[in-house]
Structure formats: C-alpha cells, structure tokens
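Undergrad: quick one, what's the 3D model for this:
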Amino acid sequence: MRWALVKVSLAVTAMVVVAFAVPLGLVIREMARDRAFSNAEREAAAVAPALSITTDRDQLERVVASAGSDAAMAVHIPAGDGSGALDIGERRAAAEDIAAVRKLGRASTSTVSGGSALLQPVALSTGEIAVVEVFVPESEVTNGVGTAWAVLAGVGAALILGSVAVADRLGVRMVRPAQRLVEGAHELGEGKLGARVPEEGPNELRLAAVAFNSMADQVVQLLANERELAADLSHRLRTPLTVLRLNAASLGDGPAAEQTRAAVEQLEREVDTIIRTARDAKPQTAAAGPGAGCDAAEVVRERMAFWSALAEDEGRKWRVAGADRPVRIPVARADLAAALDALLGNVFRHTAEGTAFAVDVHNGEDAVIVLVSDAGPGIPDPERAMARGRGSGSDGSTGLGLDIVRRLAESTGGDVRIGSSVLGGTEVRIWLQLDGRERAPRRRGHRGTVRRRRGPSRLTASFNRPRSLP
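TA: Model (predicted):
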C-alpha cells in the first residue's frame with residue numbers, strides 16, 4: 001500500500017510537470033526568438049530615415065555603423081537614374097529573397113548560414129525600394145533558453161522528489177496504523193485478550209482502531225461474564241450441598257453413612273475448586289427495566305420456609321420481620337433468592353449448631369434494606385470477606401457468596417455493609433435503591449463497614465431498635 005501510493009504520486013506529479021514544463025519551455029524559446037528579431041527590427045528602423053534622405057555611400061556607412069555592427073547589417077539599394085546598384089555591408093541573404101521583399105514591399109526573414117536574416121524594405125526619395133538586411137545569429141535566438149530549460153528541469157525534478165517524499169510519509173502514516181490493526185487482530189485471534197491498537201492515524205483508521213478496542217473489551221467482558229457465571233452457578237450448588245451434608249450427618253454410623261459423608265465432603269471440595277478456578281471478573285448486572293422486579297417479602301418468606309426445616313434439625317432459633325406485606329424491589333426474583341441463599345448458607349456453614357439468626361426487611365421511600373444477622377462469632381475482617389475469591393479465610397469460604405450479594409445491591413445503585421448485629425454476631429445489610437439513582441460516594445468506616453453519606457433517616461433509626469428472637 002505504501003509503495004503503491006508512492007508510485008501513484010510519482011506518476012501524477014510527473015504528468016503534471018510534463019504538462020506544464022514542456023509548454024513553458026516552448027514559450028520561453030519563442031520569447032527569446034521574438035526578442036532577437038525585435039532588436040533586429042529596431043536596428044533596421046534606425047537606418048530607414050537616412051535612406052529616405054540620401055543614398056550617399058559614405059553617409060550610409062556612417063549611419064549603419066552607428067545603428068549596429070557592420071558585420072550584422074547590410075543595405076541593398078537598387079540601380080536608379082544614372083546610378084548603379086549599391087550594397088553596403090556583407091550580404092548573407094539570397095538575391096531572390098531580396099528581390100521578393102523589394103517586390104512585395106513587406107518585411108521577411110530568411111534562413112542563412114549561422115542564423116537568420118531580417119529583410120526590411122525602405123522607400124527611397126527616388127521611389128525605389130531599398131532593403132535593409134539585419135543578421136540574427138542562432139546564438140542570439142536561443143540566448144537564455146538553455147538556462148531557462150535547466151531551471152524548469154530542476155524545478156520539475158524537485159517537485160517529483162518532494163511529492164515522492166510526501167507520499168512516502170503519508171503512506172507510512174496510513175500503513176503503520178493499518179499494520180497495527182492487523183497485528184492486533186491476529187493477536188486477539190491467537191487468544192491474547194490484552195491486545196489493543198493505538199487510536200491514531202487518519203480519521204478512518206482511528207475510528208477502526210476505536211471499534212477494534214471496543215470489540216476487544218466486549219470479548220473480554222463476555223468471557224469474564226462466562227467465567228463468573230460458572231463460578232456463581234457453582235456457588236449456588238452450596239445450598240443443596242448444605243442440605244445433603246446435614247442429611248448425611250443424621251444417617252448415624254455405618255459404612256454406607258461414612259461413604260455418603262465422604263462423598264459429600266469430596267463434592268464440596270470439588271465445588272470449591274471450581275469456584276476458585278473460575279477467574280475473578282467484574283460483570284455488570286443487568287438492571288431491571290420498568291415494571292420488572294419482585295416482591296422481596298414473598299421471596300424472604302419462601303426462602304425462610306426452606307431454611308427453617310434445617311434450622312429445626314440443628315436447634316437454631318430464627319425470626320423474620322417486615323415480610324408481612326408486599327415490598328417491591330427492582331431486581332429479579334431468582335437473583336434475590338440466590339443472594340438470600342448465599343447469606344443463609346453462610347450462617348449454617350460458618351456458625352455452630354444452635355446459633356440463632358434473623359432476617360429483617362425495612363421498606364423506605366427510596367430504598368429497601370434486607371438484614372441477615374446471626375448470633376455467631378462474627379467476621380473479624382469484613383473487608384477481606386467482601387473481597388471476591390478470598391472469603392473469610394476459613395475452609396469452604398471463597399468469598400463469592402458476599403460478592404453475589406454485593407453485585408445485586410450495586411445493580412440498583414445500592415451497596416452492602418457488614419457490621420455487628422444485636423444478636424452478637426454478624427449483620428449483613430443489603431441496601432437496594434428503588435429510584436435508580438446513582439450510588440452516593442462511599443467511605444470506609446469502623447471495621448471495614450461501608451457507610452453511605454446519605455440515606456433515609458427512618459431506616460437508619462430502625463437499625464438501632466432492639467430486636468429479639470421468639
């Protein structure tokens with residue numbers, strides 16, 4: 001592409017130079033010829049007044065000498081009354097040409113040895129026609145033409161070289177971004193997801209680079225979403241695994257029971273391996289559109305009905321508050337159920353049997369808060385627990401459960417906070433924004449708890465009201 005552009009520029013510039021230089025050179029040559037013959041005409045005109053007055057040889061020789069060079073000018077006077085023909089100076093033109101000019105009575109030029117001769121007729125006092133011959137050498141006709149042609153040739157060559165240089169620079173400016181775009185496409189095709197193209201060059205190539213980078217980002221995002229989906233789906237297996245583990249624990253003793261418990265433990269380890277193997281990603285949770293969402297109170301009642309059976313088997317006290325009337329939130333039912341299962345599963349997994357827990361739903365004007373609290377030992381490092389893929393550091397903890405909850409809250413413009421509950425253990429607060437406004441700036445508080453700078457005062461005040469289990 002680069003050399004093709006250079007060749008095109010070379011051909012076009014050469015054509016332009018030839019189209020202008022050749023006619024200009026011919027014009028210059030004609031101008032030099034016209035200048036030479038104009039000078040000859042002025043010299044011939046200087047002799048005409050003397051010829052109209054006298055035909056004396058001596059006087060005419062002095063006039064010729066004063067008008068021009070003796071070698072360049074000659075005067076031919078025909079024979080008259082009692083006088084013969086008179087020739088002053090060297091004659092170069094043929095007699096036939098002189099006779100023709102005398103007969104026609106108009107100036108003419110003839111080719112002679114070494115140049116040209118200007119033949120100018122002049123009327124004498126006797127009525128005869130004399131002819132003034134002025135020799136114009138070839139060197140005078142072409143005077144300055146060679147120099148002018150050389151200058152034109154130099155200018156043409158400079159224009160051609162300049163156009164080639166400019167075309168080469170333009171070619172480089174166009175080819176390099178195109179080559180980088182090709183290289184980036186090859187790298188992306190080979191699986192190098194970090195391949196990006198500098199957004200530079202001509203406008204079209206710059207737009208192509210922007211589109212390529214956007215496409216590469218989309219590919220990376222799609223792959224990240226797939227990995228996260230695999231991790232989240234694997235994490236959702238923890239709920240049935242917890243039930244299976246609790247049921248296996250109630251099987252009693254015996255080889256079959258031990259094999260079942262060993263298989264459940266092995267399955268839990270495999271699920272943990274899958275979750276940890278899936279790469280960390282930050283996908284965007286699709287926001288629920290107008291009219292979409294679910295009844296948070298209904299979902300809480302449904303999930304608590306599921307977990308209550310396990311709570312009775314382990315002797316756990318539990319309580320639900322605020323779920324007696326509809327509470328609409330802008331999230332999908334399955335997403336809220338998965339978040340609640342993740343939090344309640346953590347309670348059963350990381351607290352001892354008999355540990356109480358509670359779920360509270362607070363409905364405000366612009367936000368809904370769901371609190372899951374327990375009476376367990378608490379989380380010593382909430383910030384570490386919120387880090388995806390790290391967890392609390394205990395066995396079976398990957399940190400994906402809290403990350404699922406966090407992404408659910410952030411999809412509505414809300415957030416998640418971890419603190420101490422009135423039951424003495426951990427309290428996870430899910431803040432779900434209802435109006436779809438952007439989340440307010442956050443700052444880190446005591447023990448890594450994430451606090452908002454603004455929020456409904458009624459909900460904030462309700463956090464401090466004592467809560468008790470039945």
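
Undergrad: where in this protein is pLDDT low?
TA: Across the chain, the ranges flagged by pLDDT under 70 are 1-6, 67-71, 80-84, 172, 230-236, 238-239, 270-271, 273-292, 387-400, 436-470.

Undergrad: show me where it has strands.
TA: Taking DSSP state E to define them, one finds strands in the chain at 73-77, 86-88, 108-112, 115-123, 129-137, 294-295, 318-321, 328-329, 357-363, 367-374, 415-420, 426-433, 442-444, 450-452.

Undergrad: looking at these, which is closest to Ile28?
TA: Ile28 sits nearest to strand 129-137 of all the strands of the chain, at 17.4 Å, using Cβ to Cβ. Where you see a C-beta, it was placed from the backbone N, CA and C, and this is true even at glycine.

Undergrad: okay, that closest one in CSV with CA atoms only?
TA: The C-alpha trace of strand 129-137 is given here as CSV (Å, rounded to 0.1, in the frame of the first residue of the first chain):
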residue,chain,number,x,y,z
ILE,A,129,12.7,50.3,-52.7
ALA,A,130,15.9,49.6,-50.7
VAL,A,131,16.3,46.5,-48.5
VAL,A,132,17.9,46.6,-45.1
GLU,A,133,19.4,43.3,-44.1
VAL,A,134,20.0,42.5,-40.4
PHE,A,135,21.7,39.3,-39.5
VAL,A,136,20.4,37.5,-36.4
PRO,A,137,22.8,34.7,-35.3
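
Undergrad: any idea of the angle it forms with strand 108-112?
TA: When axes from the mean of the first three to the mean of the last three Cα atoms, to 10 degrees is applied, the directions of strand 129-137 and strand 108-112 differ by 50 degrees.

Undergrad: for the chain, longest helix please?
TA: When the chain is parsed with DSSP state H, its longest helix is helix 2-53.

Undergrad: including mean neighbour count, could the strands of the chain go into JSON lines?
TA: JSON lines is the format used below for these (neighbours: other Cβ atoms under 10 Å):
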{"stretch": "strand 73-77", "mean neighbour count": "24"}
{"stretch": "strand 86-88", "mean neighbour count": "17"}
{"stretch": "strand 108-112", "mean neighbour count": "16"}
{"stretch": "strand 115-123", "mean neighbour count": "20"}
{"stretch": "strand 129-137", "mean neighbour count": "24"}
{"stretch": "strand 294-295", "mean neighbour count": "18"}
{"stretch": "strand 318-321", "mean neighbour count": "16"}
{"stretch": "strand 328-329", "mean neighbour count": "20"}
{"stretch": "strand 357-363", "mean neighbour count": "22"}
{"stretch": "strand 367-374", "mean neighbour count": "24"}
{"stretch": "strand 415-420", "mean neighbour count": "20"}
{"stretch": "strand 426-433", "mean neighbour count": "24"}
{"stretch": "strand 442-444", "mean neighbour count": "10"}
{"stretch": "strand 450-452", "mean neighbour count": "16"}
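
Undergrad: same list, those, but as a markdown table with distance to Gly254 please.
TA: Shown next, in a markdown table, are the strands of the chain (distance: least, Cβ to Cβ, whole Å):
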| stretch | distance to Gly254 |
| --- | --- |
| strand 73-77 | 145 |
| strand 86-88 | 153 |
| strand 108-112 | 135 |
| strand 115-123 | 134 |
| strand 129-137 | 134 |
| strand 294-295 | 44 |
| strand 318-321 | 31 |
| strand 328-329 | 47 |
| strand 357-363 | 32 |
| strand 367-374 | 33 |
| strand 415-420 | 41 |
| strand 426-433 | 36 |
| strand 442-444 | 52 |
| strand 450-452 | 48 |
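
Undergrad: picking up where we left off before, which elements pack onto the longest helix of the chain?
TA: When contacts are defined as 3 or more Cβ pairs under 8 Å, 6 or more residues apart in numbering; DSSP states H and E, helix 2-53 sits against helix 57-67, strand 73-77, strand 115-123, strand 129-137, helix 138-141, helix 145-189.
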